[in-house]
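J.: okay, here's the prediction I keep looking at, along with the sequence it came from:
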Amino acid sequence: MGREGSGGGAEGGGGDGGVVRKVLLSYAYVAIWIFLSFTVIVYNKYILDPKMYNWPFPISLTMVHMAFCSSLAVLLVRVLRLVDPPSSPPMTRDLYVASVIPIGALYSLSLWFSNSAYIYLSVSFIQMLKALMPVAVYSIGVLLKKESFKTSSMLNMLSISLGVAVAAYGEARFVAWGVALQLGAVAFEATRLVLIQILLTSKGISLNPITSLYYVAPCCFAFLLVPWFVVELPLLRNRSSFHPDLLVFITNSFCAFALNLAVFLLVGKTSALTMNVAGVVKDWLLIAFSWSVIRDTVTPINLFGYGIAFLGVAYYNHVKLQALKAKEAEKKAQQADEEAGKLLQEMKGDRQNDS
């Protein structure tokens with residue numbers, strides 16, 4: 001009896017240890033994602049800002065990222081076969097043209113515009129403007145009939161917008177063109193996220209970040225070639241004296257690729273909602289870093305406005321969490337009803353056999 005009791009205690013301890021290990025792993029995934037996202041943002045700012053590395057060519061930088069990510073994705077999917085492309089339904093040419101190409105076009109515009117904004121705006125102010133992402137996703141979702149219009153949701157979106165407007169009013173380094181670029185990036189990214197639901201998820205296609213890069217990155221590279229030839233190639237020819245540091249661009253591209261892996265780990269092992277909540281923590285850390293290390297000016301009005309937007313985003317995430325819990329509870333209840341129905345049928349069958 002003593003041995004059985006001690007064995008039970010060991011199992012209980014092992015169970016507790018498993019839970020602790022799972023929680024610690026979740027925190028580790030969050031920390032890795034925050035670190036890599038933080039690194040990519042600051043690194044891009046360093047390369048593109050005329051006062052730092054002074055290589056203000058956002059299209060070229062984005063194309064370098066896409067070429068690097070495409071190469072590694074092809075290596076992982078086709079050569080090493082460590083990641084499988086979707087098989088049900090398969091990615092046909094018609095599906096690629098109808099679904100992936102529009103998403104790739106929007107992604108290229110989103111990356112181009114967001115990287116361009118680093119030339120004109122501070123890291124802290126860009127993070128404040130990114131708080132408008134839920135507003136853009138909800139608005140486009142309603143427009144494309146993927147979201148239902150609710151007065152409470154619209155009031156929430158207005159509160160976020162008001163907070164960002166106040167933060168913009170208090171910005172010491174307000175550049176209208178930079179703000180327009182970042183708002184454009186938010187709009188393109190939000191449209192891309194909604195179109196993923198319409199064009200891919202609704203058709204049963206689920207792409208992880210590696211397969212997404214495998215299909216989308218070459219498409220992005222191709223779309224960026226046209227503006228690159230027109231806008232940046234003539235400027236690059238005039239800067240023939242500039243010799244880029246390969247180590248800087250390779251490590252920068254590797255960080256961008258690693259960030260996609262971190263997204264895969266974070267969403268796959270936790271949830272997309274966890275990433276949204278972690279994103280709020282990352283934004284505050286970036287604002288603090290921008291103020292303390294880069295020495296960007298962050299005014300009290302900036303912080304007050306972003307505080308309002310932060311509360312709106314926090315409420316948005318809370319509503320999403322409650323909806324997710326309700327959906328899971330409904331699913332469990334439906335499964336319980338189905339199991340109860342099967343049990344009743346089996347009992348009826350046994351009674352008929354006994355009679």
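T.: Perfect, I can see it now.

J.: can you give me the helices for the protein?
T.: Assigned by DSSP state H, the chain shows helices spanning 2-48, 58-74, 93-95, 101-120, 123-130, 133-143, 151-169, 176-195, 209-227, 233-238, 246-269, 272-292, 300-354.

J.: of those helices, which is nearest residue 203?
T.: helix 93-95 (7.5 Å; CB to CB). Backbone N, C-alpha and C define where each C-beta goes, glycine included.

J.: now do the same for residue 271: its pLDDT.
T.: We have a pLDDT of 68 for residue 271.

J.: returning to what we had before: relative to residue 86, which of the helices of the chain is closest?
T.: helix 209-227 (6.7 Å).

J.: related to what we said a few turns ago, for residue 84, find the nearest of the helices of the chain.
T.: helix 209-227 (7.9 Å).

J.: nearest residue to residue 182 other than its sequence neighbours?
T.: residue 117 (4.1 Å; CB to CB, 6 or more residues apart in numbering).

J.: residues near the one you found, how many?
T.: 27 (other CB atoms under 10 Å).

J.: that one contacts residue 177, correct?
T.: No: checked against CB atoms under 8 Å, the pair residue 117 and residue 177 is beyond contact range at 9.1 Å.

J.: tell me which of the helices of the chain sits most buried.
T.: Comparing the helices of the chain on average neighbours per residue, with mean count of other CB atoms under 10 Å, the densest one is helix 123-130 at a mean of 25.

J.: which residues are in contact with that one?
T.: 41-42, 45, 114, 117-118, 121, 164, 167-168, 171, 173-174, 179, 182-183, 186, 283, 286-287, 289-291, 294, 296, 298, 302, 305-306, 309 (CB atoms under 8 Å, 6 or more residues apart in numbering).

J.: how about 7 Å then?
T.: 41-42, 45, 117, 164, 167, 171, 179, 182-183, 186, 283, 286-287, 290-291, 294, 296, 298, 302, 306, 309 (CB atoms under 7 Å, 6 or more residues apart in numbering).

J.: let's see that helix as PDB, backbone CA atoms only.
T.: Output in PDB follows, covering the C-alpha atoms of helix 123-130 (Å, rounded to 0.1, in the frame of the first residue of the first chain):
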ATOM      1  CA  VAL A 123      10.000  53.600 -33.700                       C
ATOM      2  CA  SER A 124       7.700  54.700 -30.800                       C
ATOM      3  CA  PHE A 125       5.300  56.600 -32.900                       C
ATOM      4  CA  ILE A 126       5.100  53.800 -35.500                       C
ATOM      5  CA  GLN A 127       4.100  51.400 -32.800                       C
ATOM      6  CA  MET A 128       1.400  53.800 -31.600                       C
ATOM      7  CA  LEU A 129       0.000  54.000 -35.200                       C
ATOM      8  CA  LYS A 130       0.000  50.200 -35.400                       C
END
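
J.: that helix vs helix 300-354, what angle?
T.: 50 degrees (axes from the mean of the first three to the mean of the last three CA atoms, to 10 degrees).

J.: how close does the nearest residue to residue 285 once chain neighbours are set aside sit to residue 289?
T.: Closest residue to residue 285 apart from its sequence neighbours, by CB to CB, 6+ apart: residue 38 at 6.5 Å. Distance, residue 38 to residue 289, by CB to CB, to the nearest Å: 7 Å.
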